[in-house]
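Asks: requesting a structural model of the entry that follows:
(2 chains)
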There are 2 protein chains.
Amino acid sequence: MKMHLDCPGCFVRQAIRTGRLLRCPDLVMWELVKGCGTVLSQLEHEFPPPQNAVLLYDMISLRIGNADPFYQLKKDSTRQALTLYPELKEKIKASNDSLDAALRFAACGNVIDYGVSSSFDLMKEIEEAFKTKFFHYEYEEFIAKLHQADWVLYIGDNCGESVFDKLLIEELGKPVKYAVRSGPIINDVTEEDAIDAGIDQVAEIVSTGCRAPGIVFDWCSDEFKTLYNSAPLIISKGQGNFETLSDEKKEIFFIFKIKCKVVAKFLNSPLNSMFFGRTDTVILEHN
Amino acid sequence: MKMHLDCPGCFVRQAIRTGRLLRCPDLVMWELVKGCGTVLSQLEHEFPPPQNAVLLYDMISLRIGNADPFYQLKKDSTRQALTLYPELKEKIKASNDSLDAALRFAACGNVIDYGVSSSFDLMKEIEEAFKTKFFHYEYEEFIAKLHQADWVLYIGDNCGESVFDKLLIEELGKPVKYAVRSGPIINDVTEEDAIDAGIDQVAEIVSTGCRAPGIVFDWCSDEFKTLYNSAPLIISKGQGNFETLSDEKKEIFFIFKIKCKVVAKFLNSPLNSMFFGRTDTVILEHN
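Replies: As a prediction, the model looks like this:
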């Protein structure tokens, strides 16, 4: 999907939010605003938002003098999610349908806020996340495709969330290649972050060859494109990957929370609902 | 009050909203976004928002090739508000306290949406607006000051609203000078617009000497500044005038709806509530 006219204002808010998160002094905050000016002047409105977001987050890094401003937050998210792993693993084992449970946990991983302090709070958040309604849940179709596939390409999203991805990968029962960003951007999962989450124990970690917080084929490596094209089954996590892959002809099972009005409108779905499945049927049904 | 970090994102939304209102084609809309980029790069964060807004609306005019894009909307707003004038005049005459009634109508003028179609709808809107809670209503103090004053400086705000200002001016019982912007900006009232509203029948129309949608003394004429400094009583309409005059030592009675979170926070007041009175006591009380 292309940029929507609501995206530029959201870019400005993202820069401000990032500056606040990093407790930047006021003068730096206004430098970020001026930097947003440069970004808005250079936007390509035919690009999907995550492709333009690279401009935005490069600007932020430059203005605050930190190439990986979310480094500590990413480490903390992974560490906190790992404290939950044993309990969630037990819950999956104890459930009637472990794959269904793991899928729902993986979706929760896209929802919870790793900024909270204790694993008790996080468990409460997961219980809340579990109540979030799925706008779409294509479970039977997924199982059918999974049975046929001899391996799975799993496109990762954020840190913290990747620990939940590990739980799902363990239930897939197929070899998995786990795709990560080629370098740090926002709190997206890189190779180092995936290893922190223990993904290397259950999957082969591969790089998209690109830093965008989504899959921008023009910027991806040939190796990744070959993998993508040959993958018998693709799972894509998070809204950023969806925004860049929504126009793809290839069949993709997306798992994400619908976090913004632009995507909600695109899918004709309720804001803040959860999505699991392919989008082509949904888009045809609803638009 | 100075720019808040929420203002730049709001500037972008204002540009988009204006473009949509004028039914600009998509390519022009994205030109407006790029233009916002230039504006954000040039913002002076020590300025009050309406001072920076001149940059924004000049950019919009330039990119859409129209020096007064709100011209028709302004004419329509005044025309529609004039259809209500006789009925409102009757209501004021019939009320126990005509000044109180006129003040409340003048506040409503800052609230109603002149985009609606019939005078029936507008009357319904006024009835709704009348229900809006005043966060602050300094009536007794105002009457005391009014009695002492031999003339009143009344700083106008928007078209449509100025017809409601006329109703209030008629109840003040004092000579009034009605200040307007020196040229078109957004839907703010200019000399031509004030004459359309019949203000010239009840007050002397004076220009601030500046086009900003607020009072920016650095840009106002010496004539206006002399008037302002010598005025025994000042009424200021609308949020834009408040944003530029909030730090003034001179006593000003403001009438406006609190339309944005930044102003609500500044006044420690509920969003969408109404304000009538001086702000210095409020700011001291609440902050």
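
Asks: just give the nearest non-adjacent residue to residue A:35, would you?
Replies: residue A:59 (4.2 Å; C-beta to C-beta, 6 or more residues apart in numbering or on different chains). Glycine gets a C-beta too; all of them are placed from N, C-alpha and C.

Asks: what helix or strand is the one you found on?
Replies: helix A:49-64 (DSSP states H and E).

Asks: what residues does that helix touch?
Replies: With contact meaning C-beta atoms under 8 Å, 6 or more residues apart in numbering or on different chains, helix A:49-64 is reached by A:1, A:3-4, A:7, A:11, A:14-15, A:18-19, A:22, A:24, A:28, A:31-32, A:35-36, A:38-39, A:42-44, A:67-69, A:185-186, A:211-214, A:216, A:219, A:240, A:243-244, A:262.

Asks: and if we set it to 6 Å?
Replies: A:3, A:7, A:11, A:15, A:18, A:24, A:31-32, A:35, A:39, A:43, A:67, A:185, A:212-214, A:216, A:240, A:243-244 (C-beta atoms under 6 Å, 6 or more residues apart in numbering or on different chains).

Asks: please name the nearest non-neighbouring residue to residue A:20.
Replies: Residue A:20 sits nearest to residue A:29 (C-beta to C-beta, 6+ apart), 7.6 Å away.

Asks: return the list of helices and strands in contact with the helix or strand that contains that neighbour.
Replies: Element membership of residue A:29 [criterion: DSSP H and E] is helix A:26-42. Applying 3 or more C-beta pairs under 6 Å, 6 or more residues apart in numbering or on different chains; DSSP states H and E, one finds that helix A:26-42 contacts helix A:7-21, helix A:49-64, helix B:26-42.

Asks: show me what that helix is in contact with.
Replies: A:8, A:12, A:15, A:19, A:55-56, A:59, A:63, B:5, B:8, B:33-34, B:36-37, B:40-41, B:45.

Asks: one more time with 7 Å
Replies: Helix A:26-42 has contacts (C-beta atoms under 7 Å, 6 or more residues apart in numbering or on different chains) with A:8, A:11-12, A:15-16, A:19, A:55-56, A:59-60, A:63-64, B:5, B:8, B:33-34, B:36-41, B:43, B:45.

Asks: same check, this time on stretch A:186-197
Replies: A:57, A:70, A:73-74, A:77-78, A:156-159, A:162-163, A:166, A:178, A:180-181, A:183-184, A:200, A:205, A:207, A:213.

Asks: quick one: average pLDDT of that stretch?
Replies: Taken as a whole, stretch A:186-197 has an average pLDDT of 97.

Asks: do the same with stretch A:63-73
Replies: 94.

Asks: stretch A:262-276 too?
Replies: 93.

Asks: try stretch A:112-126
Replies: Mean predicted lDDT for stretch A:112-126 stands at 72.

Asks: circling back: adding distance to residue A:124 and mean neighbour count, write the helices and strands packed on helix A:26-42 out as CSV.
Replies: As requested, the helices and strands packed on helix A:26-42 are exported to CSV (distance: least, C-beta to C-beta, whole Å; neighbours: other C-beta atoms under 10 Å in any protein chain shown):
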stretch, distance to residue A:124, mean neighbour count
helix A:7-21, 22, 20
helix A:49-64, 30, 21
helix B:26-42, 39, 19
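
Asks: for residue A:119, find the nearest of these.
Replies: helix A:7-21 (21.7 Å; C-beta to C-beta).

Asks: and that closest one, what does it pack against?
Replies: Judged by 3 or more C-beta pairs under 7 Å, 6 or more residues apart in numbering or on different chains; DSSP states H and E, helix A:7-21 is in contact with helix A:26-42, helix A:49-64, helix B:7-21.

Asks: mind saving the C-alpha coords of stretch A:35-45 as CSV?
Replies: Output in CSV follows, covering the C-alpha atoms of stretch A:35-45 (Å, rounded to 0.1, in the frame of the first residue of the first chain):
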residue,chain,number,x,y,z
GLY,A,35,14.5,17.4,10.4
CYS,A,36,10.9,16.2,9.8
GLY,A,37,10.6,19.2,7.5
THR,A,38,13.4,17.9,5.3
VAL,A,39,11.9,14.4,5.4
LEU,A,40,8.4,15.6,4.4
SER,A,41,10.0,17.6,1.5
GLN,A,42,11.7,14.4,0.2
LEU,A,43,8.8,11.9,0.7
GLU,A,44,7.9,9.6,-2.2
HIS,A,45,4.2,9.3,-2.0
